[in-house]
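*Asks:* Sequence and predicted model, in that order:
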Amino acid sequence: MSELNTSAVVITDTSCFIILEKIHALEFLNKIFDIVLTTPEIAFEYGHPLPSWVTIQRVGNTKLQQQFNHLLDPGEASAIALAHETPCQYLITDDRAARKFAESLGLQVKGSVGVLIYAKQKGIIKAIKPYIQQIEKTNFRISTVLISRILEAAGE
């Protein structure tokens, strides 16, 4: 497992908020990262009030965001555009197409499960497996091969 930069700024997509809320782990973002940013588009997609520790920030380069809108949904496009213009440690998204696109731009990308790994590294949780089991009960798709790799990397 890679070590976490504890002074991290992250930008999150809707999927991260949704899945972490479903497994009662949304607070992990606040405990792990110094600054959690998202966009108005993501806040709208999420559809619930965001915690006070989440900063909603508009994308400055709206032309870039509009270009990304042709490739991705508005939330993902806004998150990637914000990550492209804002120094951040990670973009957190679970959408495969968004991840590939962000990585093609040179962005560091993690998923919601990566947040769980960091939570274990920081001692916030003792084990990842119970959270993975909760994720499996949701509509979030994760392969058994990936689950095995994650648990092995986490020493479980």
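*Replies:* Happy to help now that I have it.
*Asks:* Please make it C-alpha for all contacts and neighbour counts, starting now.
*Replies:* Fine.
*Asks:* What separation do you get for Ser148 and Lys129?
*Replies:* 10 Å (C-alpha to C-alpha, to the nearest Å).
*Asks:* and what of Ala81?
*Replies:* If you go by C-alpha to C-alpha, the gap between Ala81 and Lys129 works out to 33 Å.
*Asks:* which one of these two has more residues nearby?
*Replies:* Ala81 (25 against 16; other C-alpha atoms under 10 Å).
*Asks:* Please, which helix or strand holds the more buried one?
*Replies:* helix 74-85 (DSSP states H and E).
*Asks:* Does that helix pack against any helices or strands, and if so which?
*Replies:* Identification of packing neighbours for helix 74-85 by 3 or more C-alpha pairs under 8 Å, 6 or more residues apart in numbering; DSSP states H and E yields strand 9-12, helix 40-46, helix 62-69, strand 90-92, helix 96-104.
*Asks:* Tell me which of the ones you listed sits most buried.
*Replies:* Compared across these, strand 9-12 shows the largest average neighbour count, a mean of 25 (mean count of other C-alpha atoms under 10 Å).
*Asks:* Does anything pack onto it? Which helices or strands?
*Replies:* Against strand 9-12 (3+ C-alpha pairs under 8 Å, 6+ apart) you get strand 35-38, helix 74-85, strand 90-92.
*Asks:* What pairs with it, parallel or antiparallel?
*Replies:* strand 35-38 (parallel), strand 90-92 (parallel) (DSSP bridges).
*Asks:* Residues in contact with the longest one: which ones?
*Replies:* For strand 35-38, contacts defined as C-alpha atoms under 8 Å, 6 or more residues apart in numbering pick out 8-13, 29-30, 53-57, 79.
*Asks:* where's the residue lying farthest from the centre of the chain relative to Phe17, distance?
*Replies:* When distances are taken from the C-alpha mean of the chain, Lys63 lies farthest, 23.8 Å away, according to C-alpha atoms, centre = their mean. From Lys63 across to Phe17, the span is 26 Å (C-alpha to C-alpha).
*Asks:* again, but for Gly111
*Replies:* 11 Å.
*Asks:* Could you check which of these two is surrounded by more residues?
*Replies:* Phe17 (22 against 19).
*Asks:* Name the secondary structure element that contains that one.
*Replies:* Applying DSSP H and E, one finds Phe17 within helix 14-22.
*Asks:* how far does the next helix-or-strand element following that helix sit from the chain's center?
*Replies:* Stepping forward along the backbone from helix 14-22, the first helix or strand reached (DSSP H and E) is helix 27-32. A distance of 11 Å separates the centroid of the chain from that of helix 27-32, by C-alpha atoms, centre = their mean, to the nearest Å.
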